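# Dropping a prediction and its sequence here:
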Amino acid sequence: MKKKQRETAEVAEEQVESAIEETEAEEIEAEVEEAVEEAEVVDSKDQNLERLQRLMAEFDNYRKRTEKEKSTVYDMAVSSIVTDLLGTVDNFERALKQECSDKEFFDGVSMIYKQLIGAIDKIGVKVIETEGKEFDPKYHNAIFHVEDENLPKNFIVEELQRGYTFKDKVLRHSLVKVAN
């Protein structure tokens, strides 16, 4: 009987050890699963953070692009309107060069011209300077050439029609007479 008790004790001891090993294995497995879940959560957080950062960058690029497009559209609209008004400005300049016996009428036309020029200047439209300058094809359009040995070559002799720029873009070239 002692032998049976010993065998039973050994079997019981083995079962206890086996149960302990199984419990430890289950605990270790549970810890591993927990660690994997935590790693997945961390990976998921990292992925979500990366997605958020990409979306924020894309939105910032979209905002900048639309602001640039708005500015471009505004500049094109201003350029178009001012180009249409330049003919009116030219007519006012021609009218002011004519002799007029009615001083009040002349003063009224002069005030309207000054107001129109002020509005155009306020927008940012600039007159292309020609007086005393050398001919520059980027800003000037030569429609007459004059032979004059007293003047340097490519010197602007006379401005026939004013040219204008808006934000470094030529709206209309100056029409000029150039010395050869």
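Arrived safely, thanks for sending.
# remind me which residues of this structure are low pLDDT?
Residues of the chain meeting the criterion pLDDT under 70: 1-14, 16-19, 39.
# just the strands in it please.
125-127, 140-146, 155-161, 164-166, 169-172, 174-179 (DSSP state E).
# In CSV: those strands, plus distance to residue 114 and mean neighbour count.
Where you see a C-beta, it was placed from the backbone N, CA and C, and this is true even at glycine. Shown next, in CSV, are the strands of the chain (distance: least, CB to CB, whole Å; neighbours: other CB atoms under 10 Å):
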stretch, distance to residue 114, mean neighbour count
strand 125-127, 14, 16
strand 140-146, 26, 15
strand 155-161, 19, 16
strand 164-166, 16, 19
strand 169-172, 20, 16
strand 174-179, 21, 20
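# just so I know, which of those lies nearest residue 133?
Of all these, strand 155-161 sits nearest to residue 133, with 5.4 Å by CB to CB.
# ok so, going back, please identify which of the strands of the chain is closest to residue 97.
Residue 97 sits nearest to strand 155-161 of all these, at 12.7 Å, using CB to CB.
# starting at the chain centroid, how far to the closest one?
Distance of strand 155-161 from the chain centroid (CA atoms, centre = their mean, to the nearest Å) equals 37 Å.
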